[in-house]
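Asks: A predicted structure for the sequence below; I have some questions about it.
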Amino acid sequence: MSRSGPTQLRAEQLASHLASDLAPLYVLHGDEPLLVIEAADAIRAAARTRGYSEREVLVVTQYFKWSALTEAAGNMSLFGGDKLIDLRIPTGKPGREGSDALARYAAQLPTGTVTLVSLPQMDWKAKKSAWFGALAGAGVEMELNAPPLERLPDWLAARLARQQQSAPRDALEFMAGHVEGNLLAANQEVMKLALLHPAGALTLEQVRNAVMDVARYDVDDLRQALLAGDAARAARLLDGLRAEGVAAPLVLWIIVAELRVLAAARAEMDRGRSADDALAAARIFGARQSPYRRALARLSAAAPRTALMQAARLDRMIKGVARGDVWDEFLQISLRLCAR
């Protein structure tokens with residue numbers, strides 16, 4: 001594990017860095033949660049590969065005790081290997097006690113430990129703070145912001161290349177205009193294209209049809225029915241989608257996309273954030289929040305997480321790894337999400 005001086009990395013540099021190095025400390029911050037999540041996932045995976053078999057997650061809330069960070073650093077791994085400390089500060093404001101604790105921690109990083117610190121977008125004042133400077137100076141800092149709109153087509157092209165697909169410039173610009181700078185939505189559109197089309201070059205028509213969703217029974221109607229808790233409508237739509245021959249992976253993609261938003265928002269609410277703030281953290285803004293707020297108020301705290309586990313089983317069924325009726329499983333998940 002490298003203990004070289006401070007480093008700043010861009011998102012596209014992380015993979016090559018992790019292939020040859022693993023720093024003792026990573027500081028992730030920025031205005032795009034998707035990029036922060038992906039970078040954190042890559043770091044955690046690299047740590048596991050190198051034998052960091054235990055992960056301890058610490059979430060800084062109003063009642064968080066900073067002694068927990070010191071204790072986590074001092075405790076030996078239960079599995080005899082090295083440890084990853086996953087420290088999350090959702091507000092980006094550790095307070096006076098936290099600021100001192102973080103500065104001390106950065107000055108003497110524990111051995112046999114990788115520390116991952118996840119933060120929201122930091123303004124210029126926060127970046128000038130002593131605690132942030134101490135963290136950034138002790139390891140690898142990554143500022144993960146959404147690309148400007150004029151560079152979004154290039155970002156989409158790079159995402160398509162990861163799944164061995166490509167698209168002409170006019171198709172990339174069409175996608176960029178449709179998602180309006182929302183990287184989570186953009187990434188979902190790219191993933192949808194992988195489900196609908198094989199590797200290779202895509203046409204503008206293929207991209208347009210995938211983005212605009214031309215099925216007679218629109219899968220977006222299913223999304224709305226699930227958020228509204230309309231079980232009867234969801235069942236009718238599933239029957240229609242099945243009759244239309246809509247690919248099961250696409251229907252699963254729609255359902256999982258909503259489950260992830262609900263599960264992420266619920267997790268933030270459990271940490272004390274309001275529903276509006278929790279949904280904003282999940283990139284759901286303005287008028288789009290209303291159906292999600294109603295769904296969160298209706299569903300139990302565990303329902304989205306339980307449904308996600310059920311969706312994972314359904315994914316194995318679609319791939320032929322597990323047995324069962326795929327469309328009946330879709331109905332069961334839908335009924336769970338429509339429960340009142």
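Replies: Sure thing, it's come through. Numbers count the residues shown, from 1 in each chain.

Asks: pLDDT value on Gly286, please?
Replies: Turning to Gly286, the model gives it a pLDDT of 79.

Asks: around it, how many other residues sit close by?
Replies: Using other C-beta atoms under 10 Å, Gly286 has 9 neighbouring residues. Every C-beta, even on glycine, is put in place using the N, C-alpha and C of the backbone.

Asks: need the contact list for Arg55.
Replies: 44, 47, 83-86 (C-beta atoms under 8 Å, 6 or more residues apart in numbering).

Asks: who's in contact with Pro249?
Replies: The contact partners of Pro249, by C-beta under 8 Å, 6+ apart, come to 195, 318.

Asks: ok so, going back, lowest pLDDT pick from the contacts of Arg55?
Replies: When the contacts of Arg55 are compared, Lys83 shows the smallest pLDDT, 90.

Asks: partners of it in the sheet?
Replies: Listed by DSSP bridges, the beta-bridge partners for Lys83 are Glu54, Thr113.

Asks: outside of the helix or strand containing Ala194, which residues touch it?
Replies: Secondary structure assignment for Ala194, by DSSP states H and E: helix 183-196. Residues from elsewhere that reach helix 183-196, judged by C-beta under 8 Å, 6+ apart: 32-35, 146, 152, 155-156, 159-160, 163, 165, 167, 175-176, 178-179, 202, 206-207, 210-211, 247, 249-250, 253, 257, 282-283.

Asks: one step back: output the contacts of Arg55 as CSV; include the columns distance to Ser20.
Replies: Shown next, in CSV, are the contacts of Arg55 (distance: C-beta to C-beta, whole Å):
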residue, distance to Ser20
Arg44, 18
Ala47, 14
Lys83, 22
Leu84, 19
Ile85, 22
Asp86, 22
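
Asks: pretty sure Leu28 sits in a strand.
Replies: Yes. Leu28 forms part of a strand when assessed by DSSP: H, G, I helix; E, B strand; the rest coil.

Asks: tell me the contacts of it?
Replies: 36, 39-40, 116-119, 142, 144.

Asks: now, these that are in helices?
Replies: 36, 39-40 (DSSP state H).

Asks: how about the top helix by length along the chain as PDB, C-alpha atoms only?
Replies: Identified as the longest helix of the chain according to DSSP H is helix 248-270. Presented in PDB, the C-alpha positions along helix 248-270 are these (Å, rounded to 0.1, in the frame of the first residue of the first chain):
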ATOM      1  CA  ALA A 248     -37.900  -8.900 -18.900                       C
ATOM      2  CA  PRO A 249     -34.500  -7.200 -18.200                       C
ATOM      3  CA  LEU A 250     -35.900  -3.900 -19.300                       C
ATOM      4  CA  VAL A 251     -38.900  -4.200 -16.900                       C
ATOM      5  CA  LEU A 252     -36.500  -5.200 -14.100                       C
ATOM      6  CA  TRP A 253     -34.300  -2.200 -14.900                       C
ATOM      7  CA  ILE A 254     -37.300   0.100 -14.500                       C
ATOM      8  CA  ILE A 255     -38.400  -1.400 -11.200                       C
ATOM      9  CA  VAL A 256     -34.800  -1.600  -9.700                       C
ATOM     10  CA  ALA A 257     -34.200   2.100 -10.700                       C
ATOM     11  CA  GLU A 258     -37.200   3.100  -8.500                       C
ATOM     12  CA  LEU A 259     -36.200   0.800  -5.700                       C
ATOM     13  CA  ARG A 260     -32.700   2.200  -5.500                       C
ATOM     14  CA  VAL A 261     -34.100   5.700  -5.300                       C
ATOM     15  CA  LEU A 262     -36.500   4.800  -2.500                       C
ATOM     16  CA  ALA A 263     -34.000   2.700  -0.600                       C
ATOM     17  CA  ALA A 264     -31.300   5.500  -0.800                       C
ATOM     18  CA  ALA A 265     -33.800   8.100   0.300                       C
ATOM     19  CA  ARG A 266     -35.100   6.000   3.100                       C
ATOM     20  CA  ALA A 267     -31.500   5.400   4.300                       C
ATOM     21  CA  GLU A 268     -30.900   9.200   4.400                       C
ATOM     22  CA  MET A 269     -34.200   9.800   6.200                       C
ATOM     23  CA  ASP A 270     -33.200   7.200   8.800                       C
END
